[in-house]
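1. structure, please.
(one chain, ligands or ions: 1)
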Amino acid sequence: MITPRTLVDDLLEALVAPSFTRTGYAVRRRLFGWEDPGAWTLAGRTAVITGPTSGLGREAAGSLARMGARLVLVGRDRDRLERTRDELAASGPVAATAVVADLSSLASVRAAADEILAAEPRIDVLVDNAGAMFAQRAETPEGFERTFATMVLGPFVLLSRLAPRLAESPDGRVVSVTSGGMYTQALPLDDLMFERGAYDGPRAYARAKRAQVALMREWARRLDDRGVLVAAMHPGWADTPGLAASLPAFRARVGSQLRTPAEGVDTLLWLAAAPREGLVSGRLYLDRRARPFDRLPSTRLSAADRRELWGRVAALTGEEG
Ligand SMILES: NC(=O)c1ccc[n+]([C@@H]2O[C@H](COP(=O)([O-])OP(=O)(O)OC[C@H]3O[C@@H](n4cnc5c(N)ncnc54)[C@H](OP(=O)(O)O)[C@@H]3O)[C@@H](O)[C@H]2O)c1
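-> Coordinates of the predicted model:
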């Protein structure tokens with residue numbers, strides 16, 4: 001339903017920059033009178049989160065812990081994971097366990113999934129957050145382009161393995177952290193490893209994020225009758241170590257208009273913990289409202305394209321999904 005508030009919100013969204021900066025967050029928060037994430041509880045629930053050692057993932061892990069969730073922190077470096085767990089424990093009681101996995105390695109993700117399934121009798125939330133952008137093209141030891149491996153193939157294996165346990169939860173949820181950068185790129189289904197043309201890090205990143213969202217839609221469809229909500233959100237532009245390292249000039253340009261990590265993860269927390277009514281599976285969210293999947297018709301992936309992508313990713317990973 002169109003209301004004066006949604007009209008203002010849609011205008012912001014159309015302008016891109018004011019939507020993605022902290023202006024968008026502040027205006028929408030006031031406009032819609034958002035409930036504070038502190039109002040939601042995850043007591044008795046278990047949340048698995050990838051990339052909790054930095055930036056948005058670190059911020060989200062702290063909030064999920066404060067909501068009472070038991071945390072499974074999945075990261076590639078044991079020391080950084082332990083440090084994160086210690087920091088979380090220093091600011092309040094927290095039940096957290098650390099599982100080492102390099103998301104760019106399918107073997108590593110499979111071993112981590114086995115470890116999680118053996119240790120966790122229930123999994124209620126999976127936050128697919130880990131991500132990275134690379135200046136140079138490189139392949140993983142398993143032969144996959146590393147951006148695609150880290151943000152598409154590894155997460156696909158993780159969700160494939162954890163999905164049955166999520167489906168046992170009375171309120172299973174999967175939240176994928178994507179990027180508004182995906183709006184700029186089409187995904188060539190016949191060149192998922194970026195073997196054609198000059199490699200470009202931001203373009204590879206945007207393609208992988210588009211693939212992540214397309215797969216999210218397939219997961220939502222496939223897990224719907226098992227009661228699992230699957231959604232993607234993008235954080236706008238948030239000031240994190242990852243952004244500073246990969247896009248320093250952009251960070252300098254947007255400056256104080258960048259969102260804080262807390263503002264960036266607000267919608268992630270909403271999808272993970274707000275009451276289920278009002279949340280719709282299979283959608284892409286920014287600031288607690290579903291947004292379009294495309295801004296340019298040339299980037300659109302049809303339902304048949306999404307099924308083809310699913311088939312290709314299933315074949316590359318050897319997972320049934
Ligand atoms: N910041 C933004 O404005 C923005 C905008 C759009 C989307 N995003 C997305 O938000 C997510 C979080 O980004 P951020 O800005 O918070 O970046 P960040 O500060 O660099 O954090 C990224 C996290 O991902 C982990 N990670 C990276 N590669 C990994 C791998 N191969 N295996 C396991 N973990 C890995 C990192 O672990 P280490 O600590 O071991 O490096 C770190 O915990 C990403 O998916 C990013 O694409 C961010």
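2. all strands of the stretch 101-250 of the chain, in order?
-> 125-128, 173-177, 229-233 (DSSP state E, counting those that start in this stretch).
3. contact residues of the stretch 101-250 of the chain facing the ligand?
-> 102-104, 129-132, 150, 177, 179, 234-235, 237-238, 240-243 (CB under 6 Å from any ligand atom). Every residue, glycine included, has its C-beta placed from N, CA and C.
4. I'd like to know which elements the longest helix belonging to the chain is packed against.
-> The longest helix of the chain (DSSP state H) is helix 201-223. On a contact count with 3 or more CB pairs under 8 Å, 6 or more residues apart in numbering; DSSP states H and E, helix 201-223 meets helix 146-148, helix 154-168, strand 173-177, strand 229-233, helix 303-317.
5. give the pairing partners of the fourth one; include direction for each.
-> According to DSSP bridges, strand 229-233 has the following sheet partners: strand 173-177 (parallel), strand 284-286 (parallel).
6. tell me the first helix or strand C-terminal of the last one.
-> Later in the chain than strand 284-286, the nearest helix or strand by DSSP states H and E is strand 289-291.
7. now do that following strand: distance to the chain's middle.
-> 15 Å (CA atoms, centre = their mean, to the nearest Å).
8. can you pull the buried residues of it?
-> R291 (16 or more other CB atoms under 10 Å).
9. which other residues reach that strand?
-> Strand 289-291 has contacts (CB atoms under 8 Å, 6 or more residues apart in numbering) with T6, D9, E13, R28, V280, R283, L284, Y285.
10. do I have it right that the last one meets T267?
-> Yes. Judged on CB atoms under 8 Å, Y285 makes contact with T267 at a distance of 5.2 Å.
11. shared neighbours, the two?
-> Counting by CB under 8 Å, 6+ apart, the residues touching both Y285 and T267 are M233.
12. the more surrounded of the two?
-> T267 (27 against 20; other CB atoms under 10 Å).
13. what's near enough to touch the more buried one?
-> Contacts of T267 (CB under 8 Å, 6+ apart): M233, P235, Y285, L286, D287, R288.
14. most tightly surrounded among the strands paired with strand 229-233?
-> Neighbour counts (mean count of other CB atoms under 10 Å) averaged over each of these peak at strand 173-177, with a mean of 26.
15. averaged pLDDT, it. What do you get?
-> The predicted model assigns strand 173-177 a mean pLDDT of 98.
16. hmm, who's touching that strand?
-> Strand 173-177 is contacted from outside by 56-57, 124-129, 131, 155, 159, 166, 212-213, 216, 219, 223, 228-235, 268, 271-272, using CB under 8 Å, 6+ apart.
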